[in-house]
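Student: what follows is a predicted protein model with its sequence.
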Amino acid sequence: MNIDFNKNEDAMKLQITDMKRKLAKINLGGGKEKIEKEHKKGKLTARERIDYLIDKKTTFLELGAFVANDMYEEYGGCPAGGVVMGIGYVADKQCVIVANDATVKAGAWFPITAKKNLRAQEIAMENRLPIIYLVDSAGVFLPLQDEIFPDKEHFGRIFRNNARMSSMGITQISAIMGSCVAGGAYLPIMSDDSLIVDKTGSIFLAGSYLVKAAIGEEIDNETLGGATTHCEISGVTDFKAKDDKACLDRIRKIMDKIGADESAGFNRTEPAKPKEKQEEIYGIIPQKRDKPYKVREIISRLVDQSEFEEYKEKFGQSIICGHARIDGWAVGIVANERQVVKSKKGEMQFGGVIYSDSADKAARFIMNCNQKKIPLVFLQDVTGFMVGSRSEHGGIIKDGAKMVNAMANSVVPKFTIITGNSFGAGNYAMCGKAYDPRLIVAWPTAQIAVMGGTQAAKVLLQIEKASLKAKGEEISPEKEAEMLKIVTDRYKKQMSPYYAASRLWVDAIIDPLETRKVISMGIEMANHAPSKEAYNVGVLQT
């Protein structure tokens, strides 16, 4: 291996180590003392409940682990948004699992918590997956109630989705394993099955203190809304469990009886590993953003047998398209090429930029995959569309719109992996978050922004300088350098994959070696939801 490979590998491994260190801290939720406090009550933590519930020797694909990273610091933080969410297997059935983390502000709902729960429901609805809620929450975090309560994508949308999923025939199972109060009480009772743990689970519209304040009645929480009350008097819940494990065992028995749905019929053969060493991805992705690399080298380490059937290989070379298999699933791959290539006309095309011919090729390929019912995988490392008079006169806007149209109207499931840059309209054309990928994940090397850091920082600096000059302030070279550093640091922080994951712009940050697993589990879940929708791109300029 050459020197650059070794440097790249070292840099990638350092980033992955940093990611795992951050995850280890997040996995502690509210901290070791809070975990011990839950254990003393006879309760498992959110992650312990999930570990016990899922089938042994299976993978739980956690999504949104970095949600709320570096957010809500004035309130002591909110690791993972106070809720654990992901895709797992229970009784051999793939499902969405959502578990409130009572070690984080007693499981209270912050604004980002609602967004994360809505994302879980969106995944269940899109893919017709059963969803299991492990409820243990004090309800809305009152200091931020105005940011979570009344709007369309706020708390109330969750109950609307409960009702919609019920009408769609999607199984919903809720276990009340701790507090469940106020509006949150509707979630488990709008589910198909509601279970409650004796002595630790409780559910009511208002707790004992509020009841006394509202109507003067004195009553304890257990009598008001404990397991015995709701299983024997009100009939609100269906099953009383003696402890957490008994409750989770009952969920497994319910899942074991669920019948199979019709599949979407995506093509799968016997899975095979790549012939090329997957670990070499670490050394291929450049440490520096301005260095080129061959995306085919990445693809050959992601696909089965390292076999890639390329589409229009010598045309539109700044985007690579082709068919392959990942863990046995047939896929169509659309990937940005970051090396400098020579077009058929002898022109030089620079890596990471989408040209007219590349956009035209990608649009045609996307339509082709929809015709054949082949899921699409986008490998994003894009700086945007080519600019300048030559591109504008050549119709870059029209060709870009054609690609966006073909991608946005796709009826086959889409999966997006951000491996490097994700800038400007390139983010959109390569199936960014706004275009409904079934899953969108980032490698630690990802950067997401409207434009590259250097260009953006200079533009922002000019704006700030103009503002200061308008106020009559003189700007020395030293002051300008200081301002540039502040602007650059702020913008770089916003470009970070952790900034994106914190706000759920991406579902997860993953080790590149987990990419095959994420795509395979994603297509498996999409295969639960047959699409009746015909592929139609509407008005498409040629």
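Tutor: Thanks, I have the structure now.
Student: wait, is residue 62 part of a strand?
Tutor: Yes. When DSSP: H, G, I helix; E, B strand; the rest coil is applied, residue 62 is found to be in a strand.
Student: ok, and the closest non-adjacent residue to it?
Tutor: With sequence-adjacent residues excluded and distances taken as CB to CB, 6 or more residues apart in numbering, residue 62 is closest to residue 86, at 4.1 Å. Bear in mind the C-beta positions are built from the backbone N, C-alpha and C, glycine included.
Student: isn't the one you found up against residue 61?
Tutor: Yes. The pair residue 86 / residue 61 is scored as a contact, 5.1 Å apart, by CB atoms under 8 Å.
Student: rewinding a little: how much space between the residue nearest to residue 62 and residue 326?
Tutor: Noted for residue 86: a distance of 20 Å to residue 326, by CB to CB, to the nearest Å.
Student: looking at these two, which is more packed in?
Tutor: Between residue 86 and residue 326, counting by other CB atoms under 10 Å, residue 326 is the more crowded of the two (26 against 23).
Student: who touches the more buried one in this structure?
Tutor: Residue 326 makes contact with 302-304, 377, 516, 519-520, 523 under the criterion CB atoms under 8 Å, 6 or more residues apart in numbering.
Student: let's see 6 Å
Tutor: Contact partners of residue 326, counting by CB atoms under 6 Å, 6 or more residues apart in numbering, are 303, 516, 519.
Student: now do the SS call for residue 176.
Tutor: strand.
Student: ok, it - how many residues close by?
Tutor: Residues contacting residue 176 under the criterion other CB under 10 Å number 31.
Student: same question for the one 5 residues further on.
Tutor: Residue 181 has 19 neighbours, counted by other CB under 10 Å.
Student: burial count for the closest residue to it other than its chain neighbours?
Tutor: With CB to CB, 6+ apart as the measure, residue 139 is the residue that lies nearest to residue 181, at 4.6 Å, once sequence neighbours are left out. Around residue 139 there are 19 other residues, counting by other CB under 10 Å.
Student: repeat that for the one 3 residues further on.
Tutor: Look at residue 142: counted by other CB under 10 Å, it has 11 neighbours.
Student: point out where the protein drops to low pLDDT.
Tutor: Within the chain, the stretches with pLDDT under 70 are 1, 183, 341-351, 393, 452-457, 540-542.
Student: could you dump the longest helix along it to CSV, C-alpha only?
Tutor: Using DSSP state H to assign secondary structure, the helix with the most residues in the chain is helix 3-26. C-alpha atoms of helix 3-26 as CSV (Å, rounded to 0.1, in the frame of the first residue of the first chain):
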residue,chain,number,x,y,z
ILE,A,3,1.8,6.3,1.8
ASP,A,4,-1.5,8.1,1.0
PHE,A,5,-3.4,4.9,1.6
ASN,A,6,-1.8,4.5,5.0
LYS,A,7,-2.5,8.1,5.9
ASN,A,8,-6.1,7.9,4.8
GLU,A,9,-6.6,4.6,6.7
ASP,A,10,-5.2,6.2,9.9
ALA,A,11,-7.4,9.3,9.5
MET,A,12,-10.5,7.2,9.0
LYS,A,13,-9.8,4.9,11.9
LEU,A,14,-9.3,7.9,14.2
GLN,A,15,-12.7,9.3,13.1
ILE,A,16,-14.4,5.9,13.7
THR,A,17,-12.7,5.7,17.2
ASP,A,18,-14.1,9.2,17.9
MET,A,19,-17.5,8.1,16.7
LYS,A,20,-17.5,5.1,19.0
ARG,A,21,-16.3,7.1,21.9
LYS,A,22,-19.2,9.5,21.5
LEU,A,23,-21.7,6.6,21.1
ALA,A,24,-20.4,5.0,24.3
LYS,A,25,-21.2,8.2,26.2
ILE,A,26,-24.6,8.5,24.6
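Student: that one - contacts with which helices or strands?
Tutor: Counting by 3 or more CB pairs under 6 Å, 6 or more residues apart in numbering; DSSP states H and E, the packing neighbours recorded for helix 3-26 are helix 281-284.
Student: against which helices or strands is the helix it packs on packed?
Tutor: When contacts are defined as 3+ CB pairs under 6 Å, 6+ apart, helix 281-284 sits against helix 3-26.
Student: if you count neighbours, what's buried in the helix or strand following the helix it packs on?
Tutor: Sequence order places helix 32-40 as the next helix or strand after helix 3-26, per DSSP states H and E. Along helix 32-40, the positions that meet the burial threshold by neighbour count (16 or more other CB atoms under 10 Å) are 34-35, 38.
Student: between those, which is nearest residue 368?
Tutor: Using CB to CB, residue 35 is the member of the buried residues of helix 32-40 that lies nearest residue 368, at 51.4 Å.
Student: which residue is the nearest non-sequential neighbour of residue 229?
Tutor: What sits nearest to residue 229 in space, not counting adjacent residues and going by CB to CB, 6+ apart, is residue 223, at 6.4 Å.
Student: and residue 140, by the same measure?
Tutor: Here the nearest residue to residue 140 in space, its sequence neighbours aside, is residue 109; by CB to CB, 6+ apart that works out to 5.1 Å.
Student: start and end of stretch 213-221, how far apart?
Tutor: 14 Å (CA to CA, to the nearest Å).
Student: now that stretch: buried residues?
Tutor: Buried residues in stretch 213-221, counting neighbours by 16+ other CB under 10 Å, are found at residue 221.
Student: again, but for stretch 469-483
Tutor: Neighbour-count burial for stretch 469-483 flags residue 483 (criterion: 16+ other CB under 10 Å).
Student: with that, I have no additional questions.
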